[in-house]
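In: Got a predicted model here, sequence first, then my questions.
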Amino acid sequence: MKSELIAHCGMNCNICVGFLRDKNKCQGCKSKDKKNSKYCSKCIIKNCEIIKKNKWKFCSAKCEKFPCRRLKDLDKRYKTKYNMSMIDNLNVIENKGIREFLKQQKKKYIKGGKVLCIHNKNLYDVK
């Protein structure tokens with residue numbers, strides 16, 4: 001798993017169906033690829049002025065708005081549909097570091113040398 005595929009919101013793009021699929025593939029939220037613009041150009045979190053101003057890699061508890069309404073809504077949806085919390089992910093990253101977060105993610109989502117997709121529960125080749 002690649003740390004550059006952890007989005008500003010705490011989503012692990014390594015386990016996202018958009019990244020794992022072959023057709024209309026997303027390169028990850030932090031990609032500079034122009035093809036991703038339709039996926040990310042309107043994302044409130046990716047384009048957050050506070051993140052940009054402070055040059056943070058992720059949403060942070062250092063922000064007075066953390067968690068903002070958009071992050072709370074996203075977190076609620078992912079908790080309900082996929083049993084994953086973006087806010088919990090961000091707290092692990094902030095408190096334990098990206099390496100520990102990736103270690104936890106590998107343990108949870110790498111199964112028999114394949115990646116378990118959070119969205120459709122299919123197994124994909126590790127990319």
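Out: Everything's here; your move.

In: Could you report the neighbour count for the residue lying closest to residue 6 once chain neighbours are set aside?
Out: Nearest non-adjacent residue to residue 6, counting by Cβ to Cβ, 6 or more residues apart in numbering: residue 12, 5.8 Å away. Where you see a C-beta, it was placed from the backbone N, CA and C, and this is true even at glycine. Neighbour count for residue 12, taken as other Cβ atoms under 10 Å: 25.

In: next one: residue 25
Out: When neighbours are defined as other Cβ under 10 Å, residue 25 has 14 of them.

In: can you check residue 5 too?
Out: 20.

In: Just to check, it is in contact with residue 12?
Out: Yes: the pair residue 5 / residue 12 is scored as a contact, 6.9 Å apart, by Cβ atoms under 8 Å.

In: just to revisit the earlier point, might one say that the residue nearest to residue 6 is in contact with residue 1?
Out: Yes: counting by Cβ under 8 Å, residue 1 is a contact partner of residue 12 at 7.2 Å.

In: anything in contact with each of those two?
Out: 105, 109 (Cβ atoms under 8 Å, 6 or more residues apart in numbering).
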